[in-house]
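K.L.:
Need the 3D shape of this:
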Amino acid sequence: MAVLLHGRGSHRGDLQALRPLLPEEWALVTPQGPHPGHPWGYGPGWAWYKYVEEDRVVEETLLHSLTALDAFLIALPGFLGFEPGRIILGGFSQGGAVSMAFACARPNLVTAAVNFSGFLAQSVEIPFSALSPGTPPIFWGHGSRDPNIPHALAARGRERLNAAGILLQSKDYDIGHWIVPEEVRDAVAFVESV
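P.N.:
Numbers count the residues shown, from 1 in each chain. Next up, the predicted model:
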């Protein structure tokens, strides 16, 4: 099952557009960020945290989202009417950043994490290594021409994950701040390979 998180100022239906690119046997669930985006200047949609600059966020807002996401995943079997089994947690932009933060904070709850054009928040602790049981592998796709989350932030976050020994596949695409079908196919291939 894929649980995909939308980007800043968007909504839960946004990443449903990726459904045709995912394997038929994967269920897709797209929750909504808990913070209204409008008070922070993010438009009429929703957010997962309040952004500060570069790879810094208002920590309390991120922690609130991680707690809300934790409760959502625990309640998921009740919503679905079945036990989902393996959960691939991913997202775009803010959703990608939250997916990686969640995978680092709660490694036993997800099978893998997928980050499309997000960053690894400076405040996220990576307290485990690839030798630890339950460490989720991470796919990180990023646009080399991304004006919103510059590629330098991707390089910084990838370096931190590699230093911790996380199983990480990084791929760059000649795009700005969006997702291309090739990127989704690469993410699926990586997840299925691990």
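K.L.:
Where do the strands of the protein begin and end?
P.N.:
Secondary structure of the chain by DSSP state E: the strands cover 2-5, 28-29, 35-36, 46-47, 51-53, 56-57, 88-92, 112-116, 138-143, 168-173.
K.L.:
now these as TSV including distance to Leu18, mean pLDDT and mean neighbour count?
P.N.:
For glycine as for every other residue, the C-beta is placed from the backbone atoms N, C-alpha and C. Shown next, in TSV, are those (distance: least, Cβ to Cβ, whole Å; pLDDT from 0 to 100; neighbours: other Cβ atoms under 10 Å):
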stretch	distance to Leu18	mean pLDDT	mean neighbour count
strand 2-5	7	98	26
strand 28-29	7	96	16
strand 35-36	23	98	17
strand 46-47	18	98	25
strand 51-53	23	97	14
strand 56-57	24	98	18
strand 88-92	9	98	27
strand 112-116	9	97	29
strand 138-143	12	98	26
strand 168-173	15	97	17
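K.L.:
With distance to Phe82 added, can I get those in a markdown table?
P.N.:
What follows is those, written out as a markdown table (distance: least, Cβ to Cβ, whole Å):
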| stretch | distance to Phe82 |
| --- | --- |
| strand 2-5 | 15 |
| strand 28-29 | 12 |
| strand 35-36 | 30 |
| strand 46-47 | 27 |
| strand 51-53 | 36 |
| strand 56-57 | 34 |
| strand 88-92 | 16 |
| strand 112-116 | 20 |
| strand 138-143 | 26 |
| strand 168-173 | 29 |
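K.L.:
Leu89 and Ala113 touch, don't they?
P.N.:
Yes - in this structure, Leu89 is within contact of Ala113 by Cβ atoms under 8 Å, at 5.3 Å.
K.L.:
what do those two both touch?
P.N.:
Shared contacts of Leu89 and Ala113, defined by Cβ atoms under 8 Å, 6 or more residues apart in numbering, are found at 99, 102-103.
K.L.:
Among the residues you listed, name the ones in helices.
P.N.:
Assigned to helices by DSSP state H, the following of the shared contacts of Leu89 and Ala113 qualify: 99, 102-103.
K.L.:
Please find the angle between the direction vectors of the longest helix seen in the chain and strand 88-92.
P.N.:
If you go by DSSP H, the chain has its longest helix at helix 59-80. Angle, helix 59-80 to strand 88-92, by axes from the mean of the first three to the mean of the last three Cα atoms, to 10 degrees: 130 degrees.
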